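[1] what's the 3D shape of this:
(chains A and B, ligands or ions: 2)
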Amino acid sequence: MAKKQNTTQPKPSAAAWTPIGTVVGNASTGEFTFILKSFKSRVGDLVAVKMKVPDENYAGTNEIYVWGRVLGISRYNPFFPYEAAQELSEEGVSLQDTILSNSRDQLEASVIILGCTNVGSEYKNLFPLTYPVQPAANVLYPPADIIKELLAGGIPGHKPMHIGTLIARRDVDIAISADRIVSRHMAILAMTGGGKTVAARRIIREMIEIGYPLLILDPHGDYLGLWEKRHLFPGTKVQLLYPHIAMTDQNRHIIEVLIGKMTEGLTEPQKDEMGTILAETDPDEGESVLSYIGNLKDAIQDKIGRVDGNKRKTLSVCMRQLSIVESRFERMEQTNDRMRRRMKKLDFEQMKDPQGRPDAIIAPKTVSILYLGGYDHLTQTTIASILLEALYEHRANLSNRIPPFLTLIEEAHTFIPSSREGTGDVPSLETLRKLITEGRKFGTGLLLVTQRPSRVDETILSQCNSFLILRLVNPRDQNFVKQIMENLSEQDARMLPGFGPGQGVVSGQAVRFPLLVKIKMDEDLIYSDLGDENFMQQVSEWKPDKKAGVRSRAGATLDNLANVPDRRPKKPFRGADLPKSGEERWDAIRKKFLKDKRALGEIEAATGMDWDRKRRSEKISKLAALTWDQLGKEKISADKRAMLLAMLEVAANNNNNE
Amino acid sequence: MATAAKKEKPRKAAQGANRKKIPVSERLRHPHIMTEMLRISLGQSAGAQRDFLKVLEGLACGIREMLDAEGWIYSVPIDHAKTWKDFAGKPICFVDGGVASAQGLGAEPIGVRVGSYTVIPGDTSEKRETFRMEKQLVAELFDSSSPDGVYEDLYEDTSKLRDAVRISLELAAGVSSLKQEPKPQFLFLHGALINPVSAYGDESFPAFSKKGLELLLPDDHKGREGRDAKFVTVCLELLNQLKHTKANIASVVERASGSQLVSMTLLDELQRTDSSPGPQAIKETKNKIRDFRISDSVLFHAILGEGEYLKPTEVDRNVDSKRPNYSRHIIAKYPYPKVTYVGVGEFSQPIRVEFFDGPEPPAGYAECIRLLIHSSRLMPNYAFPAGLDIVDKFAKVPAWMNRPIHSSMSVQLIQQALETGNTRTIDAAKRMVCGTRRDWLFRPTHNG
Ligand SMILES: Nc1ncnc2c1ncn2[C@@H]1O[C@H](COP(=O)(O)OP(=O)(O)OP(=O)(O)O)[C@@H](O)[C@H]1O
Ligand SMILES: [Mg+2]
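    Ligands and ions are numbered 1, 2, ... in the order given. The predicted structure is shown next:
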C-alpha cells in the first residue's frame, strides 16, 4: 500500500523530464512530428508531451501526458542549397572552403501516439488520446522510472513476462502478457540468425517460472540444451523425448497419407484395396506405426496367397508401397537414434502414447521437448499431427486428464505450410488450425517460430494475436508480415531489415502498444556443444570400435561379391524390399544430384536432417560426382556416408513430391 | 594570365575580362532574359510592348558605350578555387531578420528576430560557423497598461511603426554582430543599407520606449527622450556606429524593384563627362527610361555581363524636399549610399549592392563584390549570396512553425467566439482569422 501511495504522489523525479524538441506541423490524435535536438533521442524511444485537454463534461481541462514512440528520424541540412553541390563539384571546391553551412543538420522525428495518462496519477492507466497534440508543444524525454511504470506489468492484471528492454533505452524493461500468449498465441518471425530461438527460450524460461506446461517440437535440437541446464529450473521436470508414432483407432488413415506422399502413390483400385485392408486390420491402442505396418503387410501376404490375377497384382503393389514406407520409417528412426546417441550427455526417452498417457507429456511444471531430428518434413508433420490431435482431444472433451498447455513449434512453415508451397495438405495443418482457433476455449496455446513467414499458412498465422518480428530481409516476408499485422506501421516495417540480432518489434494483444525491443539473451542458457559441433576433439579422441576390422574385411569381400552378376532376376514385388548395398543405393541416388546447385546445408534444411556442419557450404553436385569408394577416400566415414545416403534419399523423395 | 599583377585592383572590363564578352543585343535575345523582359512589357500598352525591346536595346547599348568609355564598368574574374583560397580564414558575417506574422488578432503584437551567421571559410574546427540570434523582440507595439510596448505611444499607420522597428533592429543586430567573436571582417546586411526615413520623421511619430531603446542602443540608451529617442535619430546613430567600424560593410538587395534612381543618377554623372552626347540626348534617354518604366534592375540586367559591376554611385534616398521640418536637420546628416549593380551570371538578374559613402571599405569595393558574386553563385539561379539565404532561414520564424502557431491561435480565437454564441462575433472572428474568402470557414453552412 505504501508503494501505491508513492506512485500517486507527484513524482520527485518530475524535474528529470528533459525537453528534447518541439512539435511541428500538423499534429493529430494518432501521430505527430517534432524537431529533435541533436543526440537526444533514438528510434524506438518513448517520449511524452504534456498538454491540456477538455474534461469529460467540457467544463474544464485536464492535464495529461501524451505518450508516443519515435518511429523514425530524418536528418537534413535546411541551409544547403542543392544547386551549390553542382557548382562546387564542377569547380572542385569543398563546402568548407566556402561560406556554406554544414553544422546545422535538422533532425525531424516522427512519433506514433500510444495513448495518454493523467498528470499526477498512475502512469499505468493508459487511455486513448481524443484531442490532437498541440503544435509547438515541448516534447519531453521521461525519466526511466516513469517509463518503467508505464510499461510495468505489460497489461494490468496480467502475468508479466520480461522479454527484454526498449531498443533505445536499455534501462527500461519490457514485459509482455503471459495470459495473452497462452490463450491467444504468438508468432516469432525473423530470418535465420535473427534471434528467434534466443527469444523463444526467453519466453519459455518465463513460462517455466510460472510452471506452465510446455511442449516443444524441436526439429533441429535447438532446445535440447534446456535439459542440460535443468538445474537452473528447480522444481521443473525437463524431459527429452523422441517420437513414437502410436496408432489409434482413429488415425490409421495416416498410413494412406504416408503412402500417398512417400511413394508414387496408388491407383483408385489399389486405394480401395488398401482401404479394405486398413479397415480389416485394427491397430492395438498405442502400438507403433512400424509394428502396425508389419501387421498390414502380414495381412496382405495372407490375402495374396488366396487370390490371383489382377487382384494379386493390386495387392503386390500395396505391399511394395507399404514396404517403402516401412523402410523409410526405419531409416528415419535409425537416423534420429544415431543423432541422439551422438549427444552423449543427453538422456532421451521414448515419447509415451499421447492417447493413453497424455499426462506423461503434459503436466504442470513440466517441459517436454520432442526431438524430431532425422525425420523428413512429412514425417515430422505426421508425428506432430498425431501427437497434438490426441492432446487436443483430451482438452476438448474436458476429461481433465491434462491441464492447459503451450506448444512451441519451431520451423512452423514445415507444420503449417501455405497452400502456395505446393506441399499439399500435410497432416499437421488441420490439427494446428483447430488448436489455434479453439486455443482460447481449451487452453491450447501456440508459440510459432519461423524464418519464412511467407511460407506459412496465412489464415492460421494471422490468428496469432501477438507478434515478435525480428530482422527480416526478404521482401516477400516483409510484405507478408505487413499484411497480417494491421497495426504494423510503415516506418516499423521499414526498420525490419536493419535490426541486429535480438532487436525487433513486439506488437499485438500481449503488449499495450507496439514497442521496439531488444530481447534479453539468457547467457546462462547457452549450452556446451551437443557433440556434433566439436569435430576436432572428436577426431583426436576417436578410435575405431572393435568390430571395425571385421566390417572392413567383410565389406571388401562382399563388395567383390556384388560385382558378380545376378544369376536370377529378383522377385518383382520383393525387389524394393530387399536391402540394397550402400553402394547400389548411392549410385542410384547420386545421379539425381549431379546437376543440383544446392549446398549441402540447404539439403539439410530441406530434409530436416543434420549431416556435417563443416561441409554445409559444399555443393551437393560435387559429392554426387564421387563413387561410394571415392567418398571414403574423401575422408567421409562409413557412418557419415550412410547418413549422407539417407539424407539424399529423403531429399530425392521430397523433390519428387514437390 | 596577362593581368595577374593587377589582380587585387578593380579592373576595367576592356582590360580585365578574360572570358568572352557577350554583346548587349545578343544577351537580350537570350531566352532567360527575354521572359523577364516580356513580363515587364506585358504591363504596358500594345504599342509600347512592340517597341519595348527596341527601346531597351538602344538604351542599353548606348549607356553601355558611355560607361565603357568612362571605365565605369568593372569586372571580377569568376574563379571559385582562387576566391575561396583568398578569403580563407577571414570571418564573414551575414545578418538578416524575420518578422512573425501574428496580425489580425485585435491588438498590435510584433515579433522580430534578427540573426547572424558568421563563417570562416576554410576553417575545419568547431569555430567555423557561428549562428546567433542577435536581436529578438516579441511585444506589443504600444501598451498603455505596462512599460512593455516598443513605442511610447501609438500612431495611425501601424505598418510604419513595424517597419521602423524592423529597420532599426536589423541595424542594431549588425552593430552587435561586429562586437562578437570571431570579429567579422566582412558584414553583409540584407535590404537597403540606408532607407528613406522622411516618412517616419514627423513630430507625431512616437519615440521608442525605454524597453525599445534598451534593445536598440544597449550602450547608449540612458537619458534618451523626445527627439533623441525617435526612430530617425536612433537609426542615424546606428548607421554611424556601423560606418565607423573597420569591417567591410555592404548590403544586398536581390529583388527587382521599380526604382530608377541609379540610372538617373548615373546619367546625370555621365552628362558631366566627355562621353556625353550632350544634355539633350541625356534628357531624352532619361525620358525614355521613365516612359517605358524601365527599372534599374532591368536596364542593368541588359547591360551587365557575368562578373561585371557598375562603378558604385552615390544616390540620395532622403531628398531635402521631402524632409519634414521636425527632423530636417537630423535627416540632413544621413549618409548617402553608394549603390552598384552586380552581374553574378551572364543571364541571371543583377543584385544591388550598397556601401556607405566616403572612402572605400578597407578591402575595397572589388573584394567585397568578388565575395558576393562567388557567394551568390552557390545559389539557384545565382539569385543572391548563399550566406544571406542561410541566415534568413535561420532567423525566420520557420514556416513549419509559423503556420501551426498562427492557426492554433486562430482556432483559439474562433473557439472563444463560438463560446459567446453570438453569430456576429463568430463572423467577425472568422473574418479576422481568414485572409481568403475561399477559406472553408466561408463556405455556406446549415446555420448560415
Ligand atoms: N537477444 C539477443 N541478444 C544478443 N545476441 C543475440 C540475441 N538474439 C540472438 N543473438 C545472437 O544471434 C545468434 C543467433 O540467434 P538465434 O539462434 O536465436 O537465431 P535464429 O533466428 O533462431 O536463427 P535460425 O533461424 O538459424 O535458428 C545467437 O547465437 C546470438 O549470438
Ligand atoms: Mg533458431
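[2] Give the buried residues for stretch A:409-429.
    Residues of stretch A:409-429 classed as buried by neighbour count (16 or more other Cβ atoms under 10 Å in any protein chain shown): A:409-418, A:421, A:423, A:426-429. C-betas here are computed from N, CA, C, even on glycine.
[3] then that stretch to PDB, C-alphas only?
    In PDB, the C-alpha atoms belonging to stretch A:409-429 read as follows (Å, rounded to 0.1, in the frame of the first residue of the first chain):
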ATOM      1  CA  ILE A 409       6.700 -25.000 -32.800                       C
ATOM      2  CA  GLU A 410      10.000 -24.300 -34.500                       C
ATOM      3  CA  GLU A 411      10.100 -24.200 -38.300                       C
ATOM      4  CA  ALA A 412       6.400 -23.500 -38.300                       C
ATOM      5  CA  HIS A 413       6.500 -23.300 -42.100                       C
ATOM      6  CA  THR A 414       7.000 -27.000 -42.100                       C
ATOM      7  CA  PHE A 415       4.000 -27.800 -40.000                       C
ATOM      8  CA  ILE A 416       1.600 -25.200 -41.400                       C
ATOM      9  CA  PRO A 417       2.800 -24.600 -44.900                       C
ATOM     10  CA  SER A 418       0.900 -22.200 -47.100                       C
ATOM     11  CA  SER A 419      -1.100 -23.700 -49.900                       C
ATOM     12  CA  ARG A 420       1.200 -21.800 -52.300                       C
ATOM     13  CA  GLU A 421       4.100 -24.000 -51.200                       C
ATOM     14  CA  GLY A 422       2.600 -26.900 -53.200                       C
ATOM     15  CA  THR A 423       3.200 -29.400 -50.400                       C
ATOM     16  CA  GLY A 424      -0.400 -30.300 -50.400                       C
ATOM     17  CA  ASP A 425      -2.200 -31.000 -47.200                       C
ATOM     18  CA  VAL A 426       0.300 -32.000 -44.600                       C
ATOM     19  CA  PRO A 427      -1.300 -33.800 -41.700                       C
ATOM     20  CA  SER A 428      -0.500 -31.200 -39.100                       C
ATOM     21  CA  LEU A 429      -2.200 -28.400 -41.000                       C
END
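[4] Give me the contact status of that stretch with ligand 2.
    No. Stretch A:409-429 does not reach ligand 2 (Cβ under 5 Å from the ion); its nearest approach is 6.5 Å.
[5] Quick one: distance of that stretch to the chain centre.
    Chain-centre distance of stretch A:409-429: 12 Å, with Cα atoms, centre = their mean, to the nearest Å.
[6] got a list of what the residue nearest the centre of chain A touches?
    Nearest to the mean C-alpha position of chain A, counting by Cα atoms, centre = their mean, stands A:Val449 at 2.2 Å. Applying Cβ atoms under 8 Å, 6 or more residues apart in numbering or on different chains to A:Val449 gives the contacts A:Ala187, A:Ile188, A:Lys196, A:Thr197, A:Ala200, A:Leu408, A:Ile409, A:Glu410, A:Glu411, A:Ala412.
[7] now do A:Asp612
    Counting by Cβ under 8 Å, 6+ apart, A:Asp612 makes contact with A:Leu600, A:Lys640.
[8] Now B:Glu314: closest residue in space that isn't a chain neighbour?
    Leaving aside its sequence neighbours, B:Glu314 sits nearest to B:Tyr336 (Cβ to Cβ, 6 or more residues apart in numbering or on different chains; 4.7 Å).
[9] contacting residues around that neighbour?
    B:Ile194, B:Glu314, B:Val315, B:Asp316, B:Arg317, B:Asp357.
[10] Same list, these, but as JSON lines with neighbour count, distance to ligand 2 and pLDDT please.
    Formatted as JSON lines, the contacts of B:Tyr336 follow (neighbours: other Cβ atoms under 10 Å in any protein chain shown; distance: Cβ to the ion, whole Å; pLDDT from 0 to 100):
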{"residue": "B:Ile194", "neighbour count": "24", "distance to ligand 2": "77", "pLDDT": "95"}
{"residue": "B:Glu314", "neighbour count": "14", "distance to ligand 2": "83", "pLDDT": "94"}
{"residue": "B:Val315", "neighbour count": "19", "distance to ligand 2": "81", "pLDDT": "93"}
{"residue": "B:Asp316", "neighbour count": "13", "distance to ligand 2": "85", "pLDDT": "92"}
{"residue": "B:Arg317", "neighbour count": "21", "distance to ligand 2": "80", "pLDDT": "91"}
{"residue": "B:Asp357", "neighbour count": "14", "distance to ligand 2": "81", "pLDDT": "93"}
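[11] which SS class is A:Gly21?
    strand (DSSP: H, G, I helix; E, B strand; the rest coil).
[12] Please tell me how far it sits from ligand 2.
    39 Å (Cβ to the ion, to the nearest Å).
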